[in-house]
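Visitor: With the sequence up front, the predicted model follows.
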Amino acid sequence: MAQYSTEAILLAVRNWGEADKMVTFFSRDLGKVTAVAYGCRRPKSPLAGGMQAFSHLELGVMAGTHLDTIRQCETITSFKNLRENLDAMAYATFLTELVVEVCPERHPEPHIYDLIVCALEMLSKRNPRLVALAAAYQLVEYTGYQPVYAECVVCGHSIETDAFFSFEKGGAICKNCKLPDSELIDMPVKMQGFIQKLLELDWQDPAAFSINGAVLLQTEKLLLGYLVFLIEKPLKSLEFIKQLAMLKN
Ligand SMILES: [Zn+2]
């Protein structure tokens, strides 16, 4: 059986067997892979420190017929701070769950990989809610289901006034093309500008921006609605984020 090494982020980790963990990792050159880390819950295991959610690692893996086995790991960034801060952890979980849901098994997605690494780094430095929102808007652009925000998907005219958004049509709908019985959500002009800023956010040198609460909520509503429409089920991490918000209020 072949052994390979790869740089990866751990997207999901769960206990398995007596001392093992089942790991879903996201490799820059292989995409999403499910593997077992045998014995990693034993304190003396060389894998003990590394097999945790969000860890950025260089992995040594043995390919298997059904499942690959993680044999070695070297930490690039532990992202321990993301596991120690509830807010940052909730949004990091949202992003990793999103990758699990939208990326097929063993299909390389280097753009999404680089984006997630940048976003995980940024989560504990900036407002995690905005970081996660920008990362999620940018991630959807790489899925093949990227929505059209700037033009009406029916008539093709550029959107310059308050408009609407249709999940089914995957984009903006102008006032003239709005049908009375279609399910649409509002997309006011302010929101269109904000989405553009999120899409253009430069992770190496992120511009500071402030946004009013109502526009932020509506921008989240559009993205989350579209994600649920795409993956056809609710994201578990959103429940956690909601509970955190309720604790603060
Ligand atoms: Zn139109």
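Guide: Now that the structure is in, tell me what you want to look at.
Visitor: which stretch of helix or strand covers Val215?
Guide: Counting by DSSP states H and E, the element that carries Val215 is helix 213-231.
Visitor: So which bits of that helix are buried?
Guide: 215-216, 218-220, 222-224, 226-227, 230-231 (16 or more other Cβ atoms under 10 Å). Placement of C-beta: from N, CA and C, glycine included.
Visitor: next one: stretch 164-184
Guide: 164-167, 169-174, 177, 184.
Visitor: can you give me the helices in the protein?
Guide: Secondary structure of the chain by DSSP state H: the helices cover 80-84, 86-102, 110-123, 128-140, 189-200, 213-231, 236-248.
Visitor: out of those helices, nearest to Gln146?
Guide: helix 128-140 (5.9 Å; Cβ to Cβ).
Visitor: Pull the residues that contact that closest one.
Guide: With Cβ atoms under 8 Å, 6 or more residues apart in numbering as the test, helix 128-140 has contacts from 87-88, 90-92, 94-95, 98-99, 102, 112, 115-116, 118-119, 122-123, 146-147, 195, 198-199, 201, 209, 211, 216, 219-220, 223, 226-227, 230.
Visitor: same deal with stretch 231-249?
Guide: Contacts of stretch 231-249 (Cβ under 8 Å, 6+ apart): 86-87, 90-91, 93-94, 97-98, 101-102, 224, 227-228.
Visitor: Return the members of the residues you listed classed as buried.
Guide: Buried by 16+ other Cβ under 10 Å: 87, 90-91, 93-94, 97-98, 102, 224, 227, out of the contacts of stretch 231-249.
Visitor: Adding distance to Asn127 and pLDDT, write those out as JSON lines.
Guide: Shown next, in JSON lines, are the buried ones among the contacts of stretch 231-249 (distance: Cβ to Cβ, whole Å; pLDDT from 0 to 100):
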{"residue": "Asp87", "distance to Asn127": "9", "pLDDT": "92"}
{"residue": "Ala90", "distance to Asn127": "13", "pLDDT": "95"}
{"residue": "Tyr91", "distance to Asn127": "10", "pLDDT": "95"}
{"residue": "Thr93", "distance to Asn127": "17", "pLDDT": "96"}
{"residue": "Phe94", "distance to Asn127": "14", "pLDDT": "96"}
{"residue": "Glu97", "distance to Asn127": "20", "pLDDT": "96"}
{"residue": "Leu98", "distance to Asn127": "18", "pLDDT": "96"}
{"residue": "Val102", "distance to Asn127": "24", "pLDDT": "94"}
{"residue": "Leu224", "distance to Asn127": "17", "pLDDT": "92"}
{"residue": "Leu227", "distance to Asn127": "20", "pLDDT": "93"}
